[in-house]
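A.B. asks: this is a predicted model, with the sequence first.
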There are 2 protein chains.
Amino acid sequence: MNSAGYLVNNLARLLVEVLRKRIAPLGIVPGQFPALLALWEKDGLTQKELLAMLDIEQATLANTLIRMERDGLISRKEHPADARARTIHLTDQGRSIRDSAYQAAMQINEEVLADLSEDETRAFLSYMRRVIGKIKDVENS
Amino acid sequence: MNSAGYLVNNLARLLVEVLRKRIAPLGIVPGQFPALLALWEKDGLTQKELLAMLDIEQATLANTLIRMERDGLISRKEHPADARARTIHLTDQGRSIRDSAYQAAMQINEEVLADLSEDETRAFLSYMRRVIGKIKDVENS
DNA sequence: TACTATTACATAGTTAGCTATACAATGCTA
DNA sequence: TAGCATTGTATAGCTAACTATGTAATAGTA
């Protein structure tokens, strides 16, 4: 029960649930966060372009976008040049929650890392990046 | 995209998928792992007793047990003293994969942590435990 | 002893991830 | 230019997590 895998999984679930509670008032859920971050950066992307900015599978994104549309966060327009594609646009609502959402996420980060010093936090993030990198090249071998 | 939350989530998903591939030949899936670990330790538990050993919700376990039964890993008997409860027993198959499953899990741990020194690994695990502890008491306040 | 509260487990419904596959539009090539 | 391959997105079906709620059995109490 103390393996890295177990701990990472446990930690991830706890963090998602904290995030879920904090952003519920904004009318969004954790799975929408990465897509929103990308769209706040650049609106009007196609699904493919958005996908390239995220670390999830195409089918996962397609379903997330359906829920975001249902929830009034985005709308989609036909692509001017390619009838297969649609461009994705934040609604007023999707745009309006930006600052509060950033706030909530940063707040959580701060709170949960409060017991680690700056150096420890830096090390922690760097270990995660290194392990992620390692897995990705273990997988492609 | 580099927040602790994002990294933890990403890492957890990557690890689960690695585990999924490695244990597929054994006829088990990642969600069954914690329950199996507990049952390999002690067979014949009730759902409630098993639940107490795991960090998931009761409903999640109930569904996992249904799939484990379906997959021939466990069987359930009526509890001798309490008709509401049932005792959970590994089948021969559930018992037989124990060593290979442990092996696979340890192997993955080793591989993905290979780029961290022993000290770094220790620190990494300890940071995760500290953050988990912090979240749990942030939540209860 | 008859209610009522509690307990053990199951079920419903949701999110969010995955793989595999379908489908229509586009692009390339003989 | 007709036909095939590729691409962009959607859908189906699965696991695994969550909360909320149902149900039957047990336990506690007036």
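C.D. replies: Arrived safely.
A.B. asks: wait, what's in contact with residue A:68?
C.D. replies: By CB atoms under 8 Å, 6 or more residues apart in numbering or on different chains, the contact set of residue A:68 is A:32, A:35, A:36, A:74, A:94. Just so you know, the C-beta spots here come from the backbone N, C-alpha and C atoms, and that holds for glycine as well.
A.B. asks: give the residue spans of chain A that score low on pLDDT.
C.D. replies: Low-confidence segments of chain A, defined by pLDDT under 70: A:1, A:140-141.
A.B. asks: quick one on the thing from earlier: out of the contacts of residue A:68, who's nearest residue B:10?
C.D. replies: Of all those, residue A:35 has the smallest distance to residue B:10: 14.7 Å, by CB to CB.
A.B. asks: sorry, back to before: filter the contacts of residue A:68 down to the ones near DNA strand C?
C.D. replies: residue A:32 (CB under 7 Å from any atom of the strand).
A.B. asks: got the contacts of residue A:68 as TSV, with neighbour count columns?
C.D. replies: Output for these, formatted as TSV (neighbours: other CB atoms under 10 Å in any protein chain shown):
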residue	neighbour count
A:32	22
A:35	25
A:36	23
A:74	24
A:94	25
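A.B. asks: in strands, which of the contacts of residue A:68 fall?
C.D. replies: residue A:74 (DSSP state E).
A.B. asks: in a markdown table: the contacts of residue A:68, plus distance to residue B:4.
C.D. replies: Putting the contacts of residue A:68 into a markdown table (distance: CB to CB, whole Å) gives the following:
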| residue | distance to residue B:4 |
| --- | --- |
| A:32 | 19 |
| A:35 | 19 |
| A:36 | 18 |
| A:74 | 27 |
| A:94 | 25 |
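A.B. asks: nearest to residue A:48 among the contacts of residue A:68?
C.D. replies: Distances from residue A:48 to the contacts of residue A:68, taken by CB to CB, are shortest for residue A:35, at 13.1 Å.
A.B. asks: now residue A:89, what's its secondary structure?
C.D. replies: Three-state secondary structure (criterion: DSSP: H, G, I helix; E, B strand; the rest coil) places residue A:89 in strand.
A.B. asks: from residue A:22, how far out is it?
C.D. replies: Going from residue A:89 to residue A:22 by CB to CB, to the nearest Å gives 26 Å.
A.B. asks: now swap in residue A:40 and tell me
C.D. replies: Distance from residue A:40 to residue A:22, by CB to CB: 17 Å.
A.B. asks: and the residue nearest the centre of chain A?
C.D. replies: When CA atoms, centre = their mean is applied to chain A, the residue found nearest the centroid is residue A:34 (2.3 Å).
A.B. asks: what's the burial count for the residue in chain A that DNA strand C sits nearest to?
C.D. replies: When scored by CB to the nearest atom of the strand, chain A has residue A:31 as its residue closest to DNA strand C, at 2.5 Å. By the criterion of other CB atoms under 10 Å in any protein chain shown, residue A:31 has 17 neighbours.
A.B. asks: can you tell me how far the closest residue to it other than its chain neighbours sits from DNA strand D?
C.D. replies: Distances taken as CB to CB, 6 or more residues apart in numbering or on different chains put residue A:64 closest to residue A:31, at 5.4 Å, once the chain neighbours are dropped. Counting by CB to the nearest atom of the strand, to the nearest Å, the gap from residue A:64 to DNA strand D is 10 Å.
A.B. asks: got it, and residue A:139?
C.D. replies: 18 Å.
A.B. asks: check chain A for me, the residue farthest from its geometric middle.
C.D. replies: Relative to the mean C-alpha coordinate of chain A, counting by CA atoms, centre = their mean, the farthest residue is residue A:81 (28.6 Å).
A.B. asks: mind checking the SS state of that one?
C.D. replies: Judged by three-state DSSP, the three-state class of residue A:81 is coil.
A.B. asks: with the one 3 residues further on instead?
C.D. replies: The three-state assignment at residue A:84 reads coil, by three-state DSSP.
A.B. asks: just give me the neighbour total for it.
C.D. replies: 9.
A.B. asks: equivalent analysis for residue A:12, please.
C.D. replies: Using other CB under 10 Å as the criterion, residue A:12 is surrounded by 20 other residues.
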